[in-house]
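1. sequence plus predicted model, see below.
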Amino acid sequence: MLHHLTIDDMPHSIWLSRSEEEYCLHHEGRAIPVSLTQGTAGRCSLCIGGVKHPLTMVSSGDTVFVHFKGNAYNIAFSDAVTFFAQAGGGSADDVITAPMPGAVVSVNVASGDSVNEGDVLAIIESMKLETALKAPRNGIIEAVSYEPGQTFERDAVLVKLVLEDD
Amino acid sequence: MTKASFTAVLVANRGEIACRILRTVQAQGMRGLVVYHAADAATPAIAMADTAIEISGATPVGAYLDAAQIIEKAKAAGVDAIHPGYGFLSENADFARAVAEAGMAFIGPTPEAIELMGDKVRARQFVADNGFPVAPSAIEDDDPETFVERARAVGAPLLIKPSAGGGGKGMRIVRNLALLEEEIERGRSEGERYFGDGRLYAERYIERPRHIEVQVLGDAAGNVVHVFERECSVQRRFQKIVEESPSPGLTIRERANICEVAAGIARAAGYRNAGTVEFIYGQGEFFFLEMNTRLQVEHPVTEEVTGIDLVAEQLRIAAGEPLGYGQDAVKSHGHAIELRLYAEDAARDFAPTTGPLLAFRPPDNARVDAGVGEGGAVSANFDPMIAKVIVHAEDRQAAIAKAKAAMHDFVVLGCKTNAAFLARLMDDPDFVSGDVHTGMLADKPELAADPSLEDATSSVLLGAAALSLRPVRDAAEAVPELHAAIGHWRN
Amino acid sequence: MARITSTIDIASSSYQANYAHHTGLAAQLHAMQDDVRHKRPQRDLDRLERQDKAFPRKRLEDLLDPGTPFLELSTLAANMAYDGDAPGAGQISGIGIVAGREVMIHADDSSIKGGAWYPLSVKKIVRTLDMAIENRLPMIHLCDSAGGYLQLQRDLFADRHYAGRIFRNQSILSKMGVPQLAVVFGHCTAGGAYIPALSDYSVIVRGTGAIFLGGPPLVKAATGEVVSVEELGGADMHTSVSGTADYPAASEGHAIALAREIVGKWTPPEKARVDRIAPEPPAYDARELYGILPQDAKTAFDMREVIARIVDGSRFHEYQPAYGQTLICGYARIHGFKIGILANNGVLFNDSSLKGAHFIQLCDKNRTPLLFMQNITGFMVGREYERRGIAKDGAKLIMAVSGASVPKITLNCNGAFGAGVYGMSGRAFDSRFLFSWPNSETSVMGAEQAASVLTQLKVTQMEREGKTMSEEEIAAIRDPVLEDYKREQSAYYSTSELWDDGILDPVDTRNALGICLSAALNTPIAEPQYGVFRM
């Protein structure tokens, strides 16, 4: 089973294996020898297929940030169990996440409220624009995570829904 | 270097502009103080200031807008002048007045000038009354009987807008005056439909307009000079992201003309301190838009081409010193470009981004005015501009090359920025040829899109990530030597 | 150690003819394997898709660490049984790397008769577990089986090594402290329910996985109770109510990810300490084996040429090079592991038997695993040899083979006939692994020899009765015997019946042996101990 990574949200599957040189990167059906020479303060040199590339790299948790040829990239690793649990389980409709960082302007619902698809749950403000968050389906509000005035980051879970009991 | 204008100057601002102002304040031997909200406690301005004074508020922005609190803390700290920077309280006449009443100098224009220019209708009327160009217009309400004739007199192309309108609804562009009456009827009916109000307003429509502004300085004695223009046409979401001087779109004659008009407006207003007169320019015509009664974000462009430290001039003027030089002494040399580094995702419609600044390495060979540092973070609390990169070179082509190299070398990791987008912009043929206008980026959405990753680049990134991610490396190490040596093999 | 100097003339016509013949055999082997692995009626593939199940081979590939080898075992089991209805006996087994751990994998191939267990399926699973026990290999079961093939229950249920042995072996493996994991992708009904139940860990896929002693139809027939698959034995019931399974999974991918994480928690075993150095590839190309092996099993060739194309650096230290020359004995390395090789270079005589028995004891004392390379027509017969005690000397060799404590691996390179099979660690002698090359044959005697012996017996009997047989009558006796023997002594028949652990393309041998040697060292090597050698 390959490792699941994303480069700026684009999914990639890779594997790293040991090889005589040092390591081999398996990607898109190819195996390329790779090695990394670490310098100071995140400056390093990646040798891939015999060619050296200077880059700056820092890590935070399971995310690696790389500056390479004038571009900054975010390479995130997700462990396979989490990856498949998210891919296969639970409906994505159950959580309403922030499309971008911003602040909550108003909240129209409370935990336990029954809502219909399309109901406005909250208004958020981001980039000087107000956006209405609407219920993606009928359900019961399980939790509202923010109060008016609070700021949130991108992908923050703003509202959770559960299925309505029949 | 002149003697210190004040003993202690408080910067009532944050981020890069706080640092910028403190730099000059301290260089001139004055004490530099800054107010800060706890959310900014770890920013460079706090480290740089001789004294940092914490202020509080319901929100971080609210703290910086709290005039009473800031004045109280400033008095308690014994400062003799307050610099408001830009934004926040910088164009608040009441604040300017309150600062003066509290016995401190407000580093900026008089409250009256702020009030005049802060009222867009009054400002426009003032400029027109003094014989300077404003966009020709006709307001139906003034005299409904003559509206059509007056609108025709404005000339084509013409923009008709509902008086009660907004958001572009009911707006019609008239390029052929023969169709004027027909278009007015349609506009009226749309206005009634959308706003329940059919009254209209007509003004000159400028195709592919440029935003050109002129820096002015005036002293208490009424001496006014212009410090040349800045071209600020490259905008996204109505916000400037690239500024340069001189403008690549003006002839020598137009340049002299627009700068003189700006100085004339300031002179007519009895303007004191640093200000900026903004114009809309197109098809050889330019019209007054508004005047900003503060230091602009993009002021460094002017500093680079003229060698004038605008903050130093502000301090001197606020202390009552005369300009001490005439227009002839102000020279522009070479070409300067400023690129605004934003924490934003150009490919996602320039949506702001947040995150830790795990690496923040400004480039060499460029002036970088930054408000954040490595180890800091970008939060959703404030404007997402995190730094300005300013380059200066002999000519525009060389400046573009320097700007591009600077963006290429600017390492920011942990929070997505528009650095790569700005570098791409420096290669855009229209930008390179100077053919810019305020709708340029909206017309070129492809410029904002992330270029697709080449396989070779993906491999480099994945290789680097794989070798530094423990789970990936551990999985490789776990495979017994024998099996790793055999590799993928099936019998 | 000196390199073996090859004297093969690759330009010779005999080499070229051999090469063409054996590459043809290898191609035929791979074509058959490919069919067994992938050729399925469309309706079976459609059924899997309808059930939201992955093709079993995909599960296997997803489970394994990328960039690592998988030694598949008994690929052609049952290829000559059940009219070809159960390719590979409907089971996949082999040694691979999961989360860095060496493991034995057994997977029901649900693309074949819903993963039903035929008698040879049971034999294959039992053998897989036997290998896991002998080599202390952690086991992963990928379960998706319709259950026993009831029409053939006679041959799979009651006897000592039939289905019950699977569960006995699972229990023994657990008792030994070797971990075991079951991933339930489909149904585990009746006996099959015990595979996850007897595993130390189990993962079950929600929606498709189910475990029960009796499925809904059987429950309805027995008690009248109407119950759904999910209620009766679904993932949520077993992981939250009965505790029969441990981890519920949202999908097959999730199940495999969980499985890999669980296996990653297993402490790798301490390997038995043997002499190992950095590996070195052979000095000669393994593909030359195709030109060295004769087209006819009766044609003599030098087994040193074969050894030279399998062992590290083609280096071979030959023991007693001048004595008992029909059995080559000596030390070499495979993937760095030092091994002792016994390879037939002719009929076993008294001296070659004694040499072999002695060499086995040397290796055993020296903690050196043994590789038997079979190319044997048998022990020498005749008055002279019986008087010299060929049976007694052969018994010494068999005693040594049986008693050796070090791991043994057997490779049938060409032929294995008669009692020679016993002397060369045939199936009955518990080699950890036994492989055949596609050209190899095994039987009590050669087909022609057997036909002539049986014909001769009949002719003699008829002569005693005063009758003579016509050529046609003799042929009528001889030809069916010849045909049966030829069929049943082929490597394909052996492997169909699981008399070996699979047919190997000769060029794959070195890697297969390396993987087997590594696996074999999971088990501590007992002190040498033998029965009574008849002196």
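-> Great, that's in hand.

2. quick check, the residue in the stretch 101-250 of chain B closest to chain A?
-> Closest residue of the stretch 101-250 of chain B to chain A, CB to the nearest CB: B:Arg237 (7.1 Å). For the C-beta atoms, the positions are set from N, CA and C on the backbone; glycine is no exception.

3. mind checking how far that residue is from B:Thr353?
-> 15 Å (CB to CB, to the nearest Å).

4. assign C:Asn169 to helix, strand or coil.
-> Of the three states, C:Asn169 takes helix according to DSSP: H, G, I helix; E, B strand; the rest coil.

5. re earlier: higher neighbour count, B:Arg237 and B:Thr353?
-> Remark: of B:Arg237 and B:Thr353, B:Thr353 carries more neighbours, 22 against 13, as counted by other CB atoms under 10 Å in any protein chain shown.

6. ok, now which ones touch that one?
-> Residues near B:Thr353 by CB atoms under 8 Å, 6 or more residues apart in numbering or on different chains: A:100-101, A:154, B:343-345, B:378, B:384, B:415-417.

7. now swap in B:His488 and tell me
-> A:31, C:66-69.

8. also near chain B: which of these, exactly?
-> Near chain B, judged by CB under 8 Å from any CB of the partner chain, the entries from the contacts of B:His488 are A:31, C:66-69.

9. got CSV for the contacts of B:His488, with secondary structure and distance to B:Asp409 too?
-> Below are the contacts of B:His488 laid out as CSV (DSSP: H, G, I helix; E, B strand; the rest coil; distance: CB to CB, whole Å):
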residue, secondary structure, distance to B:Asp409
A:Ala31, strand, 33
C:Pro66, coil, 37
C:Gly67, coil, 37
C:Thr68, coil, 41
C:Pro69, strand, 45
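
10. most neighbours of all the ones next to chain B among the contacts of B:His488, which one?
-> C:Pro69 (26 neighbours).

11. residues near residue 141, how many?
-> Went with chain A since none was named. Per other CB under 10 Å, the neighbour tally for A:Ile141 reads 22.

12. chain C was what I was after
-> 28.

13. hang on, it in a strand?
-> Yes - using three-state DSSP, the secondary structure at C:His141 is a strand.

14. what pLDDT does it get?
-> Looking at C:His141, its pLDDT is 98.

15. mind giving me the packing neighbours of the lowest-mean-pLDDT helix or strand in chain A?
-> The helix or strand of chain A with the poorest confidence is strand A:95-97; it has a mean of 77 (mean pLDDT, DSSP states H and E). When contacts are defined as 3 or more CB pairs under 8 Å, 6 or more residues apart in numbering or on different chains; DSSP states H and E, strand A:95-97 sits against strand A:157-162.

16. sorry, back to before: closest to chain C among the contacts of B:Thr353?
-> A:Arg154 (25.5 Å).

17. what does chain A have sitting close to chain C?
-> Counting by CB under 8 Å from any CB, the residues of chain A that sit close to chain C are A:1-2, A:15, A:17, A:24, A:26, A:31, A:79-81, A:83-85, A:87-90.

18. contacting residues around the residue of chain A most remote from its centre?
-> With distances taken from the mean C-alpha point of chain A and given as CA atoms, centre = their mean, the most distant residue is A:Glu20, at 34.7 Å. By CB under 8 Å, 6+ apart, the contact set of A:Glu20 is B:Ala485.

19. and it, that one's in a helix?
-> No - using three-state DSSP, the secondary structure at A:Glu20 is coil, not a helix.

20. host element of A:Cys24?
-> In this structure, A:Cys24 sits in strand A:23-27 according to DSSP states H and E.

21. run a quick neighbour tally on whatever residue of chain C ends up closest to chain B.
-> Evaluated by CB to the nearest CB, chain C has C:Gly100 as its residue closest to chain B, separated by 2.4 Å. When counting by other CB under 10 Å, one arrives at 21 neighbours for C:Gly100.

22. nearest residue to it in space, please, no chain neighbours.
-> Leaving aside its sequence neighbours, C:Gly100 sits nearest to B:Ala478 (CB to CB, 6 or more residues apart in numbering or on different chains; 2.4 Å).

23. where does that neighbour land on pLDDT?
-> 95.

24. ok so, going back, and the residue farthest from the centre of chain A, how close does it get to B:Ala485?
-> Applying CB to CB, the value for A:Glu20 to B:Ala485 is 8 Å.
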